[in-house]
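1. Sharing a model that was predicted from the sequence below.
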Amino acid sequence: MTRQLSASELELASRALVSARETNLGIEVQLPVVYPNGQCVAVVVTVVGGDYVVHDAGFGAMSLTGSGGDFTRSLAQKLARIGRDYGCEFVDGRMSRACTETQLPVAIALVANASRLVADQYWDRRERKLRDFMKEVSLVLAKVVPDDRVRRLQVVGDSGTTYKVSHAVLAADRKREIAFVEPIPDQQSVDRKFREFSDIKSSEEYDGVARISVYDDRSVWRDGDLTVLGRVSNVVPFADFGTRLQKLVA
């Protein structure tokens, strides 16, 4: 039977999530705040010019660039605004805040959360890119294929896993699928789409359905990613998608 925990027990368990250690930068405090890569946020506390300074040692920026984000001028300006919203400064890739001794707990929490938001920017930008590319692929489909020949579809792969196909293209008789079309906006999407198409390919039910991976050829791609996709689908650059689609539905 699950026992009822006391408030003091929960408080103690929560405090155990915070740890501190001395480093060559100062005292590093690890907190129960998580970057998108799964690492816990850590901030450094040091003394500069008679003031306590809490900073993230650039960990937020490193998480951002490590995920594939680029530091553009507009992004740097946005990160500076995020810092100001949290009462911090974002300078030279580092989020920081000066404070008094009594303000340290609040400063540590503010810098940690501002640092996490720095790392979050890559994923926010990636989500927008994904939505924009999916919309572009949908617009090409709408121009070439009649509305009643395109639909979203749930299919079951050979493993029994259910997948949501972004665009299922129907034959002229509207009774059967002839192609599953998936937008591939970036390299981070490759592994998931490879597993999905590989599982669908192994299913006898969809043996005659073409699998089409439309990738954004305006971005730089590793040859290996496109090779992997080519093992389970027809890989089509977005620039050629309209032409290839016309041949498919002719």
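-> Noted; the coordinates are in hand.
2. What ranges does the chain have for its helices?
-> For the chain, helices defined by DSSP state H occupy the ranges 7-15, 59-66, 73-85, 104-144, 190-201, 223-230, 238-249.
3. got the angle for the last one vs helix 104-144?
-> Between helix 238-249 and helix 104-144, the angle comes out at 40 degrees (axes from the mean of the first three to the mean of the last three CA atoms, to 10 degrees).
4. mind pulling up the phi and psi values for the residue of the chain most remote from its centre?
-> Most distant residue from the mean C-alpha position of the chain: G50, 40.6 Å away (CA atoms, centre = their mean). Per-residue torsions, G50: phi 90, psi 0 (degrees, to the nearest 10).
5. distance of it from L245?
-> Counting by CB to CB, to the nearest Å, the gap from G50 to L245 is 67 Å. Bear in mind the C-beta positions are built from the backbone N, C-alpha and C, glycine included.
6. Repeat that for L153.
-> Distance, L153 to L245, by CB to CB: 17 Å.
7. Spatially, what comes nearest to the residue sitting nearest the centre point of the chain if we skip its sequence neighbours?
-> Ranked by distance to the mean C-alpha position of the chain (CA atoms, centre = their mean), the top residue is W123 at 4.0 Å. In this structure, W123 finds its nearest non-sequential neighbour in P36, 5.2 Å apart by CB to CB, 6 or more residues apart in numbering.
8. residues near the one you found, how many?
-> P36 has 16 neighbours, counted by other CB atoms under 10 Å.
9. That one against D124, yeah?
-> No - using CB atoms under 8 Å, P36 is not in contact with D124; the gap is 9.8 Å.
10. how about Q39, what does it touch?
-> If you count contacts by CB atoms under 8 Å, 6 or more residues apart in numbering, Q39 has them with S63.
11. That one and A119, how far apart?
-> According to CB to CB, Q39 and A119 sit 9 Å apart.
12. and what of D173?
-> Distance, D173 to A119, by CB to CB: 50 Å.
13. neighbour count winner among those two?
-> A119 (25 against 7).
14. How many residues are close by the spatially closest residue to the more buried one that is not a sequence neighbour?
-> The shortest distance from A119 to any non-neighbouring residue, by CB to CB, 6+ apart, is to S63 (3.7 Å). Residues within reach of S63, counting by other CB under 10 Å, total 24.
15. thinking S63 is in contact with Y35, fair?
-> Yes - taking contacts as CB under 8 Å, S63 lies within contact range of Y35: 4.5 Å.
16. Mutual contacts of those two, please.
-> A119.
17. Which residues are in contact with each of Q39 and A119?
-> S63.
18. Could you give the bridge partners of I27?
-> On the basis of DSSP bridges, I27 is bridged to E22, V45.
19. Where does the prediction get shaky in this protein?
-> The model of the chain has pLDDT under 70 over residues 67-71.
20. can you redo the helices of the chain as TSV with distance to I212?
-> Converted to TSV, those look like this (distance: least, CB to CB, whole Å):
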stretch	distance to I212
helix 7-15	49
helix 59-66	32
helix 73-85	33
helix 104-144	10
helix 190-201	9
helix 223-230	10
helix 238-249	8
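21. what's the most buried one of those helices?
-> When those are scored by mean count of other CB atoms under 10 Å, the highest mean neighbour count falls to helix 59-66 (a mean of 22).
22. got a list of contacts for that helix?
-> Contact partners of helix 59-66, identified using CB under 8 Å, 6+ apart, comprise 35-37, 39, 41-42, 71, 79, 93-95, 114-119, 121-122.
23. Give me the distance between the residue nearest to G157 when sequence neighbours are not counted and A210.
-> Distances taken as CB to CB, 6+ apart put D199 closest to G157, at 3.1 Å, once the chain neighbours are dropped. Using CB to CB, one obtains 16 Å as the distance from D199 to A210.
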